[in-house]
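**Q** here's my sequence, what's the structure:
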Amino acid sequence: MPTPIITDGTMDKLVKAPRVVLPQEAGLFRDRAARFDALAPRDDSGAYMRFLSHVCRAQADAYGARTAHSVPERAVDNSRQYGMPPLSAHVTPRDPQWRADLRDILDRVQADYGESNTQLSTVIGKIRRQLESDASALEAVADRIIAGVSEPDDSASYPFIGAALQVYFSRLAATLTPEDVAVSDVPTVCPCCGMRPTASLVRINPDRMNYRYLVCSLCMTEWNLERVKCSSCEEEKGIGYLSVEVEGRAPADAAIRAETCDECKTYLKIFVQEKDPQIDPIADDLNSLALDMLVDEKGYARTGPNLLFYPGHE
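**A** A predicted model of the protein is given here:
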């Protein structure tokens with residue numbers, strides 16, 4: 001259970017932070033787009049940050065373009081009774097609605113860029129043809145994204161398909177209630193869809209001040225996990241923190257750190273809003289790939305995906 005935070009200096013008034021916070025609106029995609037725009041001038045990868053800001057705005061448009069289909073009552077009942085994720089991405093059949101979201105995202109990004117980027121136009125054209133005549137190929141890429149595997153041919157379409165899946169699953173998750181997922185007892189995966197988190201975020205919201213939440217890579221649900229605890233193997237010993245050195249800044253003051261575990265040799269980034277209130281776990285994750293390289297060189301394996309980024313292929 002999370003440790004309550006005393007907010008008014010007394011011992012008799014305590015804030016009980018929510019265990020699970022479900023996505024509620026498309027605003028999260030628009031806010032993420034604004035964050036990508038803000039990050040673009042800071043980094044050599046600015047063009048890619050600006051591209052992803054367009055993708056996120058397209059996500060917001062697609063999210064609002066249609067309503068979620070009903071989550072099967074049996075899935076909700078199994079979640080309430082047995083803690084099974086009601087939207088389990090690994091086993092639940094996807095409605096074709098997600099491909100409509102993909103089409104909307106392609107349309108918006110194409111409109112934003114026009115014909116100015118021939119490489120992008122080629123990629124979008126290929127995905128459009130698959131939507132029209134080979135949807136099974138897109139479903140296969142979606143299956144691989146959810147399974148955490150990749151193939152070289154997936155690289156160009158990966159951010160678009162990942163973005164569409166995020167829209168589809170976050171829209172579904174928003175139809176649930178915290179009570180629907182209250183029984184889930186596997187803290188290392190999303191209680192809604194069973195996916196791994198992209199990162200963890202230490203919040204500054206009044207009702208969640210200083211609590212650490214894991215952020216789902218797929219449906220954008222957040223769920224509480226105690227701090228200084230491995231988000232993969234749940235061990236508390238052997239936890240350490242690494243950050244990219246910045247002159248004049250102590251490591252403990254970094255807004256972005258990698259939480260490493262010597263027990264299972266894995267890591268996940270942790271973002272601290274107190275250090276940077278505008279930080280976003282998806283956008284800032286992609287703007288801090290230097291930290292991933294640093295941690296990888298030290299022998300730790302990353303445990304959570306970012307669905308807007310092709311992870312590479314060995």
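**Q** and the most centrally placed residue in the chain, what does it touch?
**A** Nearest residue to the geometric centre of the chain (Cα atoms, centre = their mean): residue 217, 2.8 Å. Taking Cβ atoms under 8 Å, 6 or more residues apart in numbering, we find residue 217 in contact with 195, 196, 197, 198, 304, 305, 306, 307. Using the backbone N, CA and C atoms, a C-beta is placed for each residue, glycine as well.
**Q** test my guess that residue 64 contacts residue 26.
**A** Yes. Under the criterion of Cβ atoms under 8 Å, residue 64 lies in contact with residue 26, with a separation of 5.0 Å.
**Q** neighbour count winner among those two?
**A** The residue with more neighbours, out of residue 64 and residue 26, is residue 26; 20 against 14, by other Cβ atoms under 10 Å.
**Q** excluding its backbone neighbours, what's nearest residue 177?
**A** residue 22 (7.6 Å; Cβ to Cβ, 6 or more residues apart in numbering).
**Q** ok, and the closest non-adjacent residue to the residue nearest to the centre of the chain?
**A** The shortest distance from residue 217 to any residue that is not its chain neighbour, by Cβ to Cβ, 6+ apart, is 4.2 Å, and that residue is residue 198.
**Q** show me which helix runs longest in the protein.
**A** Among the segments of the chain that qualify as a helix by DSSP state H, the longest is helix 46-65.
**Q** pLDDT at the residue nearest to residue 87 when sequence neighbours are not counted, what is it?
**A** Once flanking residues are discounted, residue 87 sits nearest to residue 193: 4.3 Å by Cβ to Cβ, 6+ apart. Predicted confidence (pLDDT) for residue 193: 98.
**Q** still on that earlier bit, isn't the residue nearest to residue 177 right up against residue 173?
**A** Yes. A contact is recorded between residue 22 and residue 173 when judged using Cβ under 8 Å, the distance being 5.4 Å.
**Q** contact partners of stretch 115-129?
**A** Surrounding stretch 115-129, the residues in contact under the criterion Cβ under 8 Å, 6+ apart are 51, 102, 103, 106, 109, 110, 113, 138, 156, 157, 160, 161.
**Q** return it as PDB; C-alpha atoms alone will do.
**A** The C-alpha trace of stretch 115-129 is given here as PDB (Å, rounded to 0.1, in the frame of the first residue of the first chain):
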ATOM      1  CA  GLU A 115       4.600  16.700 -49.900                       C
ATOM      2  CA  SER A 116       7.600  18.400 -48.300                       C
ATOM      3  CA  ASN A 117       9.000  15.200 -46.900                       C
ATOM      4  CA  THR A 118       9.100  12.500 -49.600                       C
ATOM      5  CA  GLN A 119      10.300   9.800 -47.200                       C
ATOM      6  CA  LEU A 120       7.400  10.400 -44.900                       C
ATOM      7  CA  SER A 121       5.000  10.400 -47.800                       C
ATOM      8  CA  THR A 122       6.300   7.100 -49.000                       C
ATOM      9  CA  VAL A 123       5.800   5.500 -45.500                       C
ATOM     10  CA  ILE A 124       2.300   6.900 -45.200                       C
ATOM     11  CA  GLY A 125       1.400   5.700 -48.700                       C
ATOM     12  CA  LYS A 126       2.600   2.200 -47.900                       C
ATOM     13  CA  ILE A 127       0.500   2.100 -44.700                       C
ATOM     14  CA  ARG A 128      -2.600   3.400 -46.600                       C
ATOM     15  CA  ARG A 129      -2.300   0.700 -49.200                       C
END
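**Q** list of residues touching stretch 30-48?
**A** For stretch 30-48, with Cβ under 8 Å, 6+ apart as the criterion, the contacting residues are 49-50, 52-54, 56-57, 60, 278-280, 282-284, 286-287, 289.
**Q** of those, buried ones?
**A** For the contacts of stretch 30-48, a neighbour count by 16 or more other Cβ atoms under 10 Å gives the buried set as 49-50, 52-54, 56-57, 60, 279-280, 282-284, 286-287.
**Q** and the longest helix of the chain, how far out from the chain middle?
**A** Relative to its parent chain, helix 46-65 has a centroid offset of 14 Å by Cα atoms, centre = their mean, to the nearest Å.
**Q** how near is residue 163 to residue 308?
**A** To residue 308, residue 163 is 6 Å away according to Cβ to Cβ, to the nearest Å.
**Q** er, residue 187 I mean
**A** When Cβ to Cβ is applied, the distance between residue 187 and residue 308 equals 25 Å.
**Q** and those two? Which one has more around it.
**A** It is residue 308, of residue 187 and residue 308, that has more neighbours when counted by other Cβ under 10 Å, with 25 against 15.
**Q** might you report the residue contacts of the more buried one?
**A** For residue 308, the set of contacting residues under the criterion of Cβ under 8 Å, 6+ apart consists of 52, 55, 159, 162, 163, 282, 286.
**Q** for it, phi and psi?
**A** Backbone torsions of residue 308, given as degrees, to the nearest 10, read phi -100, psi 10.
**Q** and for it, nearest residue in space, chain neighbours not counted?
**A** residue 159 (4.9 Å).
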